[in-house]
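Novice: Everything below, folded, please.
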Amino acid sequence: MNLSFLRPALAEVGTTATVWIDSRRGDESGGHEVQLRWQDLADRLRDLGTPHDDIEALEAAATVPTGLQGASSRIVAARSGRVLLDEVIPGGTPDGVGQVALESLPDVEPLVAARRTAVGFVVARIDRAGADVDVFHALNLPAEEKAEVQGTTMYIHKFRGGGWSQLRFQRSTEDAWHKNAEEVAQLVHEKASEHGVKLLVLGGDQRARALVTQALPNEPAGQGYEVVEVETDVRAAGASEDRLDDAVTRAVEARASQEVAGALDRFRAARAPMHDGTVTGTAAVDVDHTVAAFQQGQVAVLLLDPGALRSRRLVVGPTPYDIALPGAPRAWDGDAVPVPADLGLVRVAVLTDAEVELVTDVAEDLPDGAGALLRWGEVAADPAGTRDGVPLP
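Specialist: Below is the predicted model of the structure:
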């Protein structure tokens, strides 16, 4: 999971108020309901000692309609009277109201959890004359982009007559189908590439889908598309999209689970003994070693169980690699700011271009809630460690 969009909000450290508010508006009184929820959350912020300027900044953003149909929520963070983060999440809050926090970093954990299933995908509703192509960044969000191919409509049905011209018309029909399919495949490929999407859901009759699938460009090994095909008439007026919707939901959920399972499989393999009894040395297996790996810039993928870490503290400093155990050697001068361990680890992952995978119920793999896949080599046991071969102070 790439969380680079959080970089601006996590770059600096300082007292930050965060609110996660349930934004659903069920009917015409929905705006009033959101205001009531906000008042409850504002009272909680005041009880925590949140500055008045921050509460005003949060209110201005948190009560704005999300524009989403159905359940939604919003995470807003503010510091020194300025909004640092404002993100809409599909789905409401667990209690129907929301949560607040006052920490030295924005509390992005609900947002990271929501992004766990935020798999981008392309849906193409295909017939033999063209397709409607929509790009989505997550389930329950509106389409990020819509496009259409309206190809050749002459000879799209095979000629059923007899005589000398039958073969010519039959060939024209096949040519039209192939040309239209190539145009659809090119559009699907362009939009998937522009948005970094690998999951394609193709709906339509079997022949049209097959031609489009065959016409998709060959991707480099290991970087190809995952194509899900759905047999349904999706372009006819009044056609039901229930089967297509179900297929999209199943495909997205499966893709999200596969990504987490794949990271865990690589983690297990990286820490498994080799035939000679040694270990491969490309995994950090607990919080202490994960912190040391981050100090050395070694982490490629952070595996995190936030619930197991929230009560634990780490300390951070002003630059991307500044993270340490409380009381342990650290690589920077100045203040060491205590933060919840899960937020501190997410921050350093984002700022050092590491990916993040949230995992739960894997105490056997992550006994204290964190581990990492490394970019290279074995991590030093000393959490102070080295960076680029130079010992940290």
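Novice: how about the strands in the stretch 201-350 of the chain?
Specialist: For the stretch 201-350 of the chain, the strands defined by DSSP state E, counting those that start in this stretch cover 226-231, 283-284, 299-304, 313-316, 323-324, 337-340.
Novice: Need the contact partners of the last one.
Specialist: To tie it back to what came earlier, the one meant is strand 337-340. Contact with strand 337-340 is made by 13, 103-105, 107, 309-317, 326, 347, as judged by Cβ atoms under 8 Å, 6 or more residues apart in numbering. For the C-beta atoms, the positions are set from N, CA and C on the backbone; glycine is no exception.
Novice: Filter these down to the buried ones.
Specialist: Neighbour counting with 16 or more other Cβ atoms under 10 Å marks 13, 103-105, 107, 309, 312, 314-317, 347 as buried within those.
Novice: Out of those residues, list just those in helices.
Specialist: 309, 347 (DSSP state H).
Novice: And the buried ones among the contacts of strand 337-340, which is closest to His52?
Specialist: Glu103 (18.4 Å; Cβ to Cβ).
Novice: before we move on, the earlier item: which of the strands of the stretch 201-350 of the chain sits closest to Asp54?
Specialist: It is, among those and with distance given as Cβ to Cβ, strand 337-340, at 17.7 Å.
Novice: per-residue confidence averaged over the closest one?
Specialist: The pLDDT scores in strand 337-340 average 96.
Novice: same deal with stretch 180-193?
Specialist: On average, stretch 180-193 scores 91.
Novice: Please spell out which residues along stretch 338-349 are buried.
Specialist: 339-349.
Novice: Okay, and Glu357 sits in which element?
Specialist: Using DSSP states H and E, Glu357 falls within strand 355-358.
Novice: what are the pairing partners of the following helix or strand past that strand, and which direction each?
Specialist: Sequence-wise, the next helix or strand downstream of strand 355-358 (DSSP H and E) is strand 370-374. Taking DSSP bridges as the criterion, strand 370-374 forms sheet pairs with strand 283-284 (antiparallel), strand 299-304 (antiparallel).
Novice: hey, least reliable of these by pLDDT?
Specialist: strand 283-284 - the lowest mean pLDDT of the strands paired with strand 370-374, at a mean of 88.
Novice: who's in contact with that one?
Specialist: 267, 270-271, 290, 292-293, 298-299, 371-374, 379.
Novice: how about 6 Å then?
Specialist: 267, 270-271, 290, 293, 371-373, 379 (Cβ atoms under 6 Å, 6 or more residues apart in numbering).
Novice: Report the beta-bridge partners for Ile21.
Specialist: Bridge pairing for Ile21 - DSSP bridges - gives Arg74, Gly98.
Novice: Which of the strands paired with strand 370-374 sits closest to Ala57?
Specialist: Shortest separation from Ala57 across those is recorded for strand 299-304, at 28.8 Å, computed as Cβ to Cβ.
Novice: can you list contacts of that closest one?
Specialist: Counting by Cβ under 6 Å, 6+ apart, 263, 267, 293, 349, 354-359, 370-373, 375 sit against strand 299-304.
Novice: tell me the phi and psi of Gly327?
Specialist: phi 80, psi -10 (degrees, to the nearest 10).
Novice: sorry, back to before: among the strands paired with strand 370-374, which is nearest Pro142?
Specialist: Counting by Cβ to Cβ, and looking across all of the strands paired with strand 370-374, nearest comes strand 299-304 at 29.5 Å.
Novice: ok so, going back, send the alpha carbons of the strand holding Glu357 over as CSV?
Specialist: What follows is strand 355-358 as a C-alpha-only set of coordinates in CSV (Å, rounded to 0.1, in the frame of the first residue of the first chain):
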residue,chain,number,x,y,z
GLU,A,355,5.1,0.6,1.5
VAL,A,356,2.8,-0.2,4.4
GLU,A,357,0.6,-3.3,4.9
LEU,A,358,-1.8,-3.6,7.8
